[in-house]
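A.B. asks: with the input below, show me the fold.
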Amino acid sequence: MHTFTGFTSDTNTLRDRAAGVECISGHTRLLPILSASGKQAGVRVVVYVGEVFEERVMQAHRLADAMSVAGIKLIVLHDTAEPAARRDAEVFRNLAKRTGGCVLPFDASAPGRLRDILSAVAVYAVGGEKLLRERRHELAGAVPLLENLGKRG
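C.D. replies: So this is what the prediction gives:
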């Protein structure tokens with residue numbers, strides 16, 4: 001993560017920006033994302049796709065709590081294929097739970113599932129739970145998202 005762009009509702013602009021995203025291995029950078037997102041007006045949902053957490057947990061808790069106060073949900077798409085990633089599952093669950101968000105499994109070998117989940121998250125970010133429930137029959141990712149949002153256990 002090195003650049004934040006302006007928010008856009010133009011799907012072509014978003015597609016082009018997303019196509020330019022490159023993944024570079026290294027330490028996770030979730031905390032700067034949470035911090036910057038909390039300072040942006042109009043943010044309702046932050047989606048993080050990752051496998052491990054390598055930052056300060058207490059700082060992450062503070063940022064997640066601030067997101068909750070601001071009404072911003074954290075949704076983590078967690079890839080647990082690597083054993084090292086499984087140890088961090090509880091950290092991600094705790095951060096998401098603090099915001100009323102959730103953790104959903106992510107598997108890089110299933111791009112269709114990722115598309116389904118991100119489509120449901122986009123509907124949720126725009127219209128909230130009400131719109132997501134209305135569209136749950138046409139969005140394959142809506143049901144798992146609805147089942148996990150705000151889960152306290």
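A.B. asks: the residue nearest the centre of the chain bridge partners, please.
C.D. replies: Centroid-nearest residue in the chain: V47, 1.8 Å away (criterion: C-alpha atoms, centre = their mean). Beta bridges link V47 to I75 when assigned by DSSP bridges.
A.B. asks: just the terminal-to-terminal distance for stretch 76-92.
C.D. replies: End-to-end span of stretch 76-92 (C-alpha to C-alpha, to the nearest Å): 7 Å.
A.B. asks: so A60 is in which element?
C.D. replies: helix 57-70 (DSSP states H and E).
A.B. asks: name the helix or strand for the closest residue to V49 other than its chain neighbours, please.
C.D. replies: Leaving aside its sequence neighbours, V49 sits nearest to L77 (C-beta to C-beta, 6 or more residues apart in numbering; 4.5 Å). For every residue, glycine as well, the C-beta is placed using N, CA and C. Secondary structure from DSSP H and E places L77 in strand 73-78.
A.B. asks: does anything pack onto that strand? Which helices or strands?
C.D. replies: strand 45-50, helix 57-70, helix 89-99, strand 102-105, helix 111-134 (3 or more C-beta pairs under 8 Å, 6 or more residues apart in numbering; DSSP states H and E).
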